[in-house]
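Peer 1: Have a look; sequence and predicted model below, questions after that.
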Amino acid sequence: MSQTSEQRLAVKLPGLNLKNPVMPASGCFAFGDNRYAEMFDLNQLGAIIIKAATLEPRVGNPMPRIAEVPGGVLNAVGLQNPGVDVILKEKLPQLKAKYPELPVIANVAGTQEADYAETARRLSDSGMVDALELNISCPNVKQGGMQFGTDPVSAQAVTAAVKKVSRVPVYVKLSPNVTDIVAIAQAAAAGGADGLSMINTLLGMRLDLKTRQPVLANGTGGLSGPAIKSIAVRMIYQVSQKVDLPIIAMGGISNAEDILEMFMAGASAVAIGTAIFHDPLVFPKVIADLPQKMTDFNIESLSGLIAEVRSQRNEN
Amino acid sequence: MPSVKKFLLVKQQRLTNDVFQMDLQAAAPLVGYLPGRFVMVAIPNGLQQLRRPLAIAAVDEAAGKLSLIYRVVGQGTAQLAALTTGEQLSILGALGNGFATQKLVSGDRVLLVGGGTGLPPLMYLARFLAQKGCSVTTMVGFRTQTQIFGTQVFAAAGKLQLATDDGSAGIQGNVGTLLAAFNATDCQQVFACGPLGLLKAVQQRFAKQTMPVELSLESRMGCGMGACAGCMVSVGGGTLNQHICQEGPIFSAAEVQL
Ligand SMILES: Cc1cc2nc3c(=O)[nH]c(=O)nc-3n(C[C@H](O)[C@H](O)[C@H](O)COP(=O)(O)OP(=O)(O)OC[C@H]3O[C@@H](n4cnc5c(N)ncnc54)[C@H](O)[C@@H]3O)c2cc1C
Ligand SMILES: Cc1cc2nc3c(=O)[nH]c(=O)nc-3n(C[C@H](O)[C@H](O)[C@H](O)COP(=O)(O)O)c2cc1C
Ligand code: FES
């Protein structure tokens, strides 16, 4: 192989020059201020996607918020966060002070267009984030969230509103809870999105046989983990046929093979959420495993793989 | 600092019909396995994504020995009970804050109150405090005689007060009955772990007293590492403002909202 292993893993997306494509998914790694950070150096990550920020603080849903299904997890955290101002004053400066070189993607959530735009404006003006991930796909809040991500007209409008005020690239995070994911992806593109992020969790539910009531206090929750990987692969594959935007892929990734599968589906970078809970060292592990796995499957570099996959998509 | 380690299962013992003890051996010494802290145990079949939180029931840090005591309540614990000697487990630990025992000195009188699967962390605590020279009284409640486990440990560490709902062992009644009869002025610190009703009873019983009262809480957990916000609790007048996995699982009875 002619390329160094660093060159082999590097990927370039709007606003993001990443030494490798691997990052923690929003909501599964707080603001980097968790105990995983004691177990490995976060500087190894390609980037970090922080927990959702909303204009006002949010307490989130009542307990219990976590349930389990075979191969997956249901969560109904409900976007608990201290609000964008505390994030800007405390969380982001702490993260930047510890890891000045680590690219940061801020996840933005809201209940209406105006507060999405204002939250996005404050985050992008801060100079502390490299890109925004527009969360129009959270299934765990009554207002806003997924309602923007399941209707092409609202999806385009909120994307355009955020694009108008953001100084950094905007990745729109899509909901899998739709009949036609391509239509929403096209709407985000029409709204001016610089990239897509997919997928958020699938709406699910579990009942307790003893109480005959839902296990989660919120009733329903969002399904994540290996159980949803094939859905993510299918949706990324479909979207990359029709929309020319780079995709940050997530949904059930737990090893280097899963990452390569996402790239073959059409991804340009990946995020890992639920798998961290099972394997606290999943990040250093997959980053270390990638070069050998790439060699096993005759992949010289990830950027080469992205170009190859995208050129095939365009021919179709 | 938490770490994830492989442990060898050296002994699996049935303590009652549905309570088991696993004795585990790590390849290296353990650090930070203090009383009241917990571990997250991976269920080794690949289907269960979430690790299970279990308290440290006994430990020999230098020798790398750890014991966990668990009740089979669902799929994960059923899988643990099916493991046999020689199998390996991936364990993340030690997590959480642990009981605040720093201020206790030899001769101090302490009260431990426990029930059900709240007993394992108190077994470790009772041994730990007895070694410090504290005078340890433990109140435990069970439904009936056949469910009893752990009482030898408490009896060996100090005084044991036992209650069963049906009176088949100890006095007839529950921990509430024992608490009502307890002379609260005679005690420097209280520690409790057990079902919500028990924690509430302890919180109420000592509400007017000034000594520290520490409650060990349970919650469903995603990460156990302060990363997912799956385990929040309201403390000191805030709303769902602390992580049971990180700032807890031990909280001051005067501060925590049950
Ligand atoms: C800090 C802490 C220490 C604990 N120590 C002990 C101990 O020493 N011995 C013991 O027997 N039990 C203990 N528990 C409870 C134990 O974690 C649960 O009984 C166990 O997780 C049930 O798993 P399961 O797969 O059998 O049940 P399932 O119902 O199949 O589990 C499904 C999900 O719910 C979670 N869950 C279910 N019940 C509980 C519960 N009561 N508390 C927390 N999570 C739950 C599981 O972890 C899993 O994520 C402790 C809990 C906490 C939070
Ligand atoms: C506990 C938990 C909290 C989450 N919080 C958020 C969030 O705040 N914002 C968001 O866009 N996605 C959130 N997600 C979704 C993840 O970012 C990710 O899209 C999804 O879990 C699929 O990836 P995975 O299978 O690797 O977990 C959350 C997921 C989990 C499990
Ligand atoms: S279990 Fe994830 S924050 Fe406590």
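Peer 2: Arrived safely, thanks for sending. Ligands and ions are numbered 1, 2, ... in the order given.
Peer 1: Nearest spatial neighbour of residue 240, chain-adjacent residues omitted?
Peer 2: In the absence of a named chain, chain A is used. Using CB to CB, 6 or more residues apart in numbering or on different chains and skipping the chain neighbours, the partner closest in space to A:S240 is A:G266 (2.7 Å). The way it works is simple: take the backbone N, C-alpha and C, and place the C-beta from them, glycine included.
Peer 1: You answered for a different chain; I wanted chain B.
Peer 2: B:M232 (3.8 Å).
Peer 1: quick one, what contacts the one you found?
Peer 2: By CB atoms under 8 Å, 6 or more residues apart in numbering or on different chains, the contact set of B:M232 is A:60, A:63, A:65, A:80, B:240-244.
Peer 1: Would you list the buried entries among those?
Peer 2: The neighbour count (16 or more other CB atoms under 10 Å in any protein chain shown) marks A:60, A:63, A:65, A:80, B:240, B:242-244 as buried among those.
Peer 1: Could you report the distance from whichever residue of the stretch 51-200 of chain B sits closest to chain A to B:K159?
Peer 2: The stretch 51-200 of chain B approaches chain A most closely through B:L92 (5.9 Å), counting by CB to the nearest CB. Distance of B:L92 to B:K159, given as CB to CB, to the nearest Å: 35 Å.
Peer 1: Neighbour count for these two, which is higher?
Peer 2: Neighbour count, other CB atoms under 10 Å in any protein chain shown: between B:L92 and B:K159, B:L92 has more, with 26 against 13.
Peer 1: Model confidence score at the closest residue to A:A249 other than its chain neighbours, please.
Peer 2: Nearest residue to A:A249 in three dimensions, chain neighbours excluded: A:A267, at 3.5 Å (CB to CB, 6+ apart). You'll see A:A267 listed with a pLDDT of 98.
Peer 1: Next, count neighbours for residue 253.
Peer 2: If you meant another chain, say so; for now it's chain A. By other CB under 10 Å, 27 other residues sit near A:I253.
Peer 1: was after chain B, sorry
Peer 2: There are 21 residues near B:A253, going by other CB under 10 Å.
Peer 1: For the residue lying closest to it once chain neighbours are set aside, what are phi and psi?
Peer 2: Among residues not flanking B:A253 along the chain, B:V213 sits closest, at 3.8 Å (CB to CB, 6+ apart). Dihedral pair for B:V213: phi -120, psi 120, per degrees, to the nearest 10.
Peer 1: Please report how far B:V213 lies from chain A.
Peer 2: Applying CB to the nearest CB, to the nearest Å, the value for B:V213 to chain A is 22 Å.
Peer 1: B:G115 pairs with what?
Peer 2: Note on B:G115: beta-bridge partners by DSSP bridges are B:G141.
Peer 1: Can you check the pLDDT for A:Q143?
Peer 2: Confidence at A:Q143, expressed as pLDDT, is 70.
Peer 1: Same question for the one 3 residues further on.
Peer 2: Looking at A:M146, its pLDDT is 79.
Peer 1: follow-up on the earlier one: hang on, isn't the residue nearest to A:A249 packed against A:I247?
Peer 2: Yes: if you go by CB atoms under 8 Å, A:A267 and A:I247 touch, sitting 5.0 Å apart.
Peer 1: ok so, going back, assign the residue of the stretch 51-200 of chain B closest to chain A to one of the three secondary structure states.
Peer 2: Put simply, B:L92 is strand when judged by DSSP: H, G, I helix; E, B strand; the rest coil.
Peer 1: which residue ranges form the helices in chain A?
Peer 2: Counting by DSSP state H, one finds helices in chain A at the ranges A:5-9, A:84-86, A:92-98, A:113-125, A:146-149, A:152-165, A:181-190, A:229-242, A:256-265, A:275-278, A:282-296, A:302-315.
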